[in-house]
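# Got a predicted model here, sequence first, then my questions.
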Amino acid sequence: MSRYMALLFATACGMAVANIYFAHPLLDALSNEFKIHHSTIGIVITITQICYALGLFLLVPLGDLWNQRRLIIGQMLIAVAALIVISLAPSSAILFIGMAVVGMVASVTQTLVAYASTLSEPQERGGIVGFVTSGVVIGILLARVFAGILTDIGGWRLVYLTSAALMLFIVSLLYRDLPNSIRKKTSMSYPKLLRSVLLLFIQERILLIRGILGMLIFISFSILWTSLVLPLSSAPHSLSHSTIGAFGLAGVAGALAAARAGRLADRGLGQRTTGISLALLLASWFLISFIDHSLFVLIIGVILLDLAVQAVHVTNQSMIFTVRPESRSRLTAAYMIFYSIGSATGSIASTNIYATFGWNGVSLLGASVSAFALLFWVLTSRLTEHKSPNNYDGVAL
């Protein structure tokens, strides 16, 4: 895969997934405009994540059945229309409908990741998956910067209108440059295709174990990023949307540092990378808990958290893609369902915990989930020993 194509894949992934994360730094603005209480405003994020999970289950597996190029372009055009609806929403009901559609078609990011894996050579697959997936995480984090700046300039509606225009531009590039992959497609019907996604959890132990790990790390990730706007926008900090969004830049630094995790997995070091990353994830919450004492310490914690989450996420996908090359879209869908469940759970839990117990409660919740993830990895690591793709013998792990 050429560097340009890898960059196009990563950019398209980042822009598509950013649409379901713009709302994070805007929760207070949405709460004020649509009269939604702070304790339940996290439902905006939860709706998008639940619908993202539905998209993963219903749409991503189609990549093993239909032409992936057309599937990708079609979903992104639907996203453009939904973003325009959100930008014009006159009520919370219309807002929620637009968010639901955006969440569902944002699953195109995983079709792109699976397609990039298909177009890659085995010896470079982990590196390509890591690079493209870094686009996803960077898109999630830069969404906060983008949303914060545009909200301060012209209000939260400008965020979604601008994103619609940018998405239309990236669709034009994909239409021009995205190749058609000639590969063997499954001959099964759509209902059987969906059933096979569920069967993968039973047939591939590595998918189930790594999926649970993915769910836990994204619960921790969502606990931080959903609730962070609430203390930072209140006294004593009282930061602007632009400043709060800029915290996403710290997360980008961590995500970029973790982009090499896929290459480590290619060398058979996936388990070691996972263990170290989960230990860093747990440590990051100790630093994050100091939000009222030092924003600098908070930033260090944010960098560590995003580095750890990205490293585990890339490692998970690199290891899962070594099984069943003809089913990569379904494997991606199955794994990312866990991710979406984790993100939705963390979103609604964090705002409720913050409303009752403040930031100390949020930090304790994040640390507890991270500690459980580390313990789960210790107990299951021997069950998913990973081989390099160069010596993989095709036996289900």
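Thanks, I have the structure now. Residues are numbered from 1 along each chain as shown.
# ok, which stretches of the stretch 51-200 of the chain are helices?
Counting by DSSP state H, counting those that start in this stretch, residue ranges of the helices within the stretch 51-200 of the chain are 68-87, 92-105, 108-119, 125-154, 156-177, 190-203.
# Give the ranges of residues in the protein that sit below the confidence cut-off.
38-39, 181-187, 251, 254-263, 265-266, 325-326, 384-397 (pLDDT under 70).
# I'd like the helices of the stretch 51-200 of the chain laid out as TSV, including distance to Asn316 and mean neighbour count.
Glycine gets a C-beta too; all of them are placed from N, C-alpha and C. Converted to TSV, the helices of the stretch 51-200 of the chain look like this (distance: least, Cβ to Cβ, whole Å; neighbours: other Cβ atoms under 10 Å):
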stretch	distance to Asn316	mean neighbour count
helix 68-87	22	19
helix 92-105	21	20
helix 108-119	12	26
helix 125-154	10	24
helix 156-177	26	17
helix 190-203	14	14
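# These: which one's closest to Gly346?
For the helices of the stretch 51-200 of the chain, distance to Gly346 was read as Cβ to Cβ. The smallest value, 12.9 Å, belongs to helix 125-154.
# starting at the chain centroid, how far to the closest one?
Taking Cα atoms, centre = their mean, to the nearest Å, one finds the center of helix 125-154 at 10 Å from the center of the full chain.
# quick one, it and helix 108-119 angle?
Regarding helix 125-154 and helix 108-119, their directions subtend 150 degrees when assessed with axes from the mean of the first three to the mean of the last three Cα atoms, to 10 degrees.
# Run the angle between helix 125-154 and helix 156-177 for me.
Angular relation of helix 125-154 and helix 156-177 on a 0 to 180 degree scale: 140 degrees, by the same axes, to 10 degrees.
# Helix 125-154 packs against which elements?
helix 3-18, helix 108-119, helix 156-177, helix 241-257, helix 261-266, helix 295-320 (3 or more Cβ pairs under 8 Å, 6 or more residues apart in numbering; DSSP states H and E).
# Nearest to Phe131 among these would be which one?
Taking Cβ to Cβ as the measure, those were each checked against Phe131, and helix 3-18 came out nearest at 5.4 Å.
# buried set for that closest one?
Applying a neighbour-count criterion of 16 or more other Cβ atoms under 10 Å, the buried positions in helix 3-18 are 5-6, 8-18.
# gap between it and the chain center?
Offset of helix 3-18 from its chain centre (Cα atoms, centre = their mean): 13 Å.
# Only alpha carbons, please: show that helix as CSV.
Only the C-alpha atoms of helix 3-18 are listed here, as CSV (Å, rounded to 0.1, in the frame of the first residue of the first chain):
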residue,chain,number,x,y,z
ARG,A,3,1.9,6.1,1.7
TYR,A,4,-0.8,8.3,0.1
MET,A,5,-3.4,5.6,0.2
ALA,A,6,-2.6,4.8,3.8
LEU,A,7,-2.9,8.5,4.6
LEU,A,8,-6.2,8.7,2.7
PHE,A,9,-7.6,5.7,4.6
ALA,A,10,-6.4,7.2,8.0
THR,A,11,-7.9,10.6,7.2
ALA,A,12,-11.2,9.2,6.0
CYS,A,13,-11.4,7.1,9.2
GLY,A,14,-10.6,10.1,11.4
MET,A,15,-13.2,12.4,9.8
ALA,A,16,-15.9,9.8,9.9
VAL,A,17,-15.4,8.8,13.5
ALA,A,18,-15.0,12.4,14.7
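# That helix packs against which elements?
helix 68-87, helix 108-119, helix 125-154, helix 156-177.
# phi, psi of Leu30?
Backbone torsions for Leu30, taken as degrees, to the nearest 10, come to phi -70, psi -40.
# Tyr354 - nearest residue in space that isn't next to it in sequence?
Distances taken as Cβ to Cβ, 6 or more residues apart in numbering put Ser227 closest to Tyr354, at 4.8 Å, once the chain neighbours are dropped.
# do the same with Tyr21
Setting aside the residues directly before and after it, Tyr21 is nearest to Ala143 in space (Cβ to Cβ, 6+ apart), at 4.0 Å.
# Does that neighbour touch Phe22 like I think?
Yes. Counting by Cβ atoms under 8 Å, Phe22 is a contact partner of Ala143 at 5.2 Å.
# Reformat the buried residues of helix 3-18 into a markdown table and put distance to Phe372 next to each item.
Written out in a markdown table, the entries for the buried residues of helix 3-18 read as follows (distance: Cβ to Cβ, whole Å):
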| residue | distance to Phe372 |
| --- | --- |
| Met5 | 39 |
| Ala6 | 35 |
| Leu8 | 38 |
| Phe9 | 33 |
| Ala10 | 31 |
| Thr11 | 35 |
| Ala12 | 34 |
| Cys13 | 29 |
| Gly14 | 29 |
| Met15 | 33 |
| Ala16 | 30 |
| Val17 | 26 |
| Ala18 | 29 |
